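Have a look; sequence and predicted model below, questions after that.
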Amino acid sequence: MFTKRYFDKTADGQSVFLFENSNSNGIKVQILSYGGTVVSLQVPDRQGKIRDVVLGYDTLKSYENQDKYLGALVGRCANRIGGSCFSISGKRYLLSSNENKNHLHGGMTGFDKKIWADQIEGENLILSYLSPHGEEGYPGTLTTKVTYSLSEQNELCITYEAVSDLDTVVSLTNHCYFNLNGHDSGKIEGHFLKINGDQITPVNREMISLGTSLPVADSPFDFREFHPIGERIHDTHEQLRIGGGYDHNYILNGQGMRLAAELMGDESKIKMLVYTDMDGMQLYTGNFLKGAPAGKNGAVYQNRDAVCLETQFLPNAVNCPDFPSPILRAGENYHRQTIYRFETIE
Ligand code: BGC
């Protein structure tokens, strides 16, 4: 059962709460109503030692003063929208630009910086946010509901629901930075990763997807079998140079709820399995982590100290006719799910 306690006030005086739940296997999760942020996720390793496997901060002020999206819910639309604009049914919408002339992760004040209303129902923490029509340029009033639950099967399950009164764009994700050896244990280059995707969506120099796909075969992007993340990260592949490492979306094979990725901590022997019903997953190896405020217990996070596996629609899909559409029609129900399951290996 989730418990709730007061955490702190935002700079503009709003109260923020911390929610906590644990299961009988020793997994414990802490989530803030600020950004629906996963602050900590404690998981027992192979030896039974508890490791906090997500990066985070001790204070609300640090969360407010950073732009790395640590642990946060991201919306209305995860990833980049090129030129900060799109059209729906011939009507053009201009979004806020927060990365040069492009729109990233929902804009200037995305869902990661909102205070979410809360409701606890047994093992479920239900967070809601009402995004007004025109917020960051998006059409339609969007009622958003995100449910976090922690199961006895060691699954942190995130269910995303939304409904809008006008046609709009929605692609919600969570931006946890994982380090399965522990948030303060340095680089993730030794973590083993496997991704169920035959293709990525390449990006231009501004990191905008142009609606094309690139087979991963014979490239450093091929994670169809386990590879250490750092094994090929310094390859001269043009896409790796553009991203400063991996910062690319995989087109996940198959449809419906399926295994998207497996990540293994080389020291902890903790394995995380990611299941989702989304089309894509961004692999981001924390290439720009440096410069974040000091983390939990004073940890100083450096580039590559964590990896994000962000399930989402394909990037810039609203402007890419060949990608499945991320448009949510008025009155339609958005319902998507991602599950992070934890195990240990020999
Ligand atoms: C993006 C990165 C970005 C990071 C933090 C990731 O989802 O792919 O390019 O730097 O979020 O903003």
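It's in.

Do a quick rundown of the strands in the stretch 101-250 of the chain.
Secondary structure of the stretch 101-250 of the chain by DSSP state E, counting those that start in this stretch: the strands cover 103-104, 117-121, 124-131, 142-150, 155-164, 168-169, 173-174, 192-195, 197-201, 214-215, 227-228, 247-252.

Could you give the average pLDDT over the fifth one?
For strand 155-164, the mean per-residue pLDDT is 99.

do the last one as well
Strand 247-252 shows an average pLDDT of 98 in the prediction.

Run through the neighbouring helices and strands of it.
Under the contact criterion of 3 or more CB pairs under 8 Å, 6 or more residues apart in numbering; DSSP states H and E, the helices and strands touching strand 247-252 comprise strand 197-201, strand 258-264, strand 280-284. Any C-beta I mention is one placed from the backbone N, CA and C, and that applies to glycine too.

Identify the residues contacting it?
79, 195-203, 207, 209, 213, 216, 221, 239, 258, 260, 276, 278-285, 287, 312, 314-315 (CB atoms under 8 Å, 6 or more residues apart in numbering).

between it and strand 197-201, how many degrees?
Direction vectors for strand 247-252 and strand 197-201, defined by axes from the mean of the first three to the mean of the last three CA atoms, to 10 degrees, enclose an angle of 140 degrees.

what angle separates strand 247-252 from strand 280-284?
Between strand 247-252 and strand 280-284, the angle comes out at 150 degrees (the same axes, to 10 degrees).

Contact partners for the closest residue in space to residue 215 that isn't next to it in sequence?
Among residues not flanking residue 215 along the chain, residue 199 sits closest, at 5.5 Å (CB to CB, 6 or more residues apart in numbering). With contacts taken as CB under 8 Å, 6+ apart, residue 199 has the following neighbours: 213-216, 250-251.

hmm, 6 Å instead?
Under the criterion of CB atoms under 6 Å, 6 or more residues apart in numbering, the neighbours of residue 199 are 213, 215, 251.

Identify, from those, the entry nearest to the ligand.
Sorting the contacts of residue 199 by distance to the ligand puts residue 251 at the head of the list, at 15.4 Å, by CB to the nearest ligand atom.

what sits opposite that closest one in the beta ladder?
According to DSSP bridges, the partner residues bridging residue 251 are residue 199, residue 280.

who's in contact with residue 37?
Applying CB under 6 Å, 6+ apart, we find residue 37 in contact with 71-72.

Give me the distance between it and the ligand.
In this structure, residue 37 lies at 14 Å from the ligand, with CB to the nearest ligand atom, to the nearest Å as the measure.

if I pick the residue of the chain positioned farthest from its centre, what's in contact with it?
In the chain, the residue that sits farthest from the middle, by CA atoms, centre = their mean, is residue 90; the gap is 30.6 Å. With contacts defined as CB under 6 Å, 6+ apart, residue 90 has no neighbours.

How much space separates it from the ligand?
Using CB to the nearest ligand atom, we find residue 90 at a distance of 30 Å from the ligand.

cool, residue 95 as well?
For residue 95, the distance to the ligand equals 16 Å [CB to the nearest ligand atom].

looking at this, residue 318 is in a helix?
Yes: counting by DSSP: H, G, I helix; E, B strand; the rest coil, residue 318 falls inside a helix.

Was I right to think it contacts residue 86?
Yes: here residue 318 reaches residue 86: they are 4.2 Å apart, a contact under CB atoms under 6 Å.

How about the residues of the stretch 151-300 of the chain by the ligand?
Contact residues of the stretch 151-300 of the chain with respect to the ligand, defined by CB under 6 Å from any ligand atom, are listed as 207, 247, 282, 284, 288.

Buried subset of those residues, written for PyMOL?
Selection command for PyMOL covering only the buried members of these, criterion 16 or more other CB atoms under 10 Å:
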select buried, resi 207+247+282+284
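
Which members of the residues of the stretch 151-300 of the chain next to the ligand are the farthest-apart pair?
Between all members of those, the longest pairwise span (CB to CB) is found for 282 and 288 and amounts to 13.5 Å.
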